[in-house]
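Participant: model the structure of this input:
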Amino acid sequence: MTTAAAVAAAAALVMLAVVVVAWPFVSPEREQQEERLSEEDRRRLALAEARDAAYGSLRDLEHDLRTGKVTRADYEVERDRLRAEAARVLRELDRLR
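Facilitator: Got it, this is the predicted structure:
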């Protein structure tokens, strides 16, 4: 095999690998899957994201209290707000189920 043929074969193999890896990101079916979601499914996903964000914020707030970035009083106010938000989201999720 000549050097030119080996380089061409390697280039073709690299191109094939790039297409295989990139296909899920550029596939026309990618957009269609999201379009197939019902309004209720979209609402459920949004609520799940809000729930996860509230839980993450509570975790971060707990860490901030332990490291001294927030005072106990500020922590309690923010904790109560985040817990109320998480509870509201959980109630809405329960209604959807």
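
Participant: so for the host helix or strand of Arg42, mean pLDDT?
Facilitator: Using DSSP states H and E, Arg42 sits in helix 39-67. Helix 39-67 shows a mean pLDDT of 93 in the predicted model.

Participant: distance of the spatially most central residue of the chain from Arg43?
Facilitator: Closest residue to the average C-alpha location of the chain: Glu49 at 7.6 Å, with C-alpha atoms, centre = their mean. Remark: distance between Glu49 and Arg43 (C-beta to C-beta, to the nearest Å) = 11 Å. All C-beta spots, glycine's among them, are computed from the backbone N, C-alpha and C.

Participant: re the thing from before, buried sites along the helix holding Arg42?
Facilitator: 44, 47, 50-51, 54, 57-58, 61, 65 (16 or more other C-beta atoms under 10 Å).

Participant: out of the residues you listed, which is nearest to Arg97?
Facilitator: Nearest to Arg97, judged by C-beta to C-beta, of the buried residues of helix 39-67 is Arg44 at 8.4 Å.

Participant: the closest one - nearest residue in space that isn't next to it in sequence?
Facilitator: Excluding the flanking residues, the one nearest Arg44 by C-beta to C-beta, 6 or more residues apart in numbering is Leu96, at 5.3 Å.

Participant: give the contact list for the one you found.
Facilitator: Contacts here follow C-beta atoms under 8 Å, 6 or more residues apart in numbering; on that basis Leu96 touches 40, 43-44, 47.

Participant: ok, 10 Å please
Facilitator: 40-41, 43-44, 47 (C-beta atoms under 10 Å, 6 or more residues apart in numbering).

Participant: would you reformat these as JSON lines and include distance to Ala87?
Facilitator: Output for these, formatted as JSON lines (distance: C-beta to C-beta, whole Å):
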{"residue": "Glu40", "distance to Ala87": "21"}
{"residue": "Asp41", "distance to Ala87": "22"}
{"residue": "Arg43", "distance to Ala87": "18"}
{"residue": "Arg44", "distance to Ala87": "17"}
{"residue": "Leu47", "distance to Ala87": "12"}
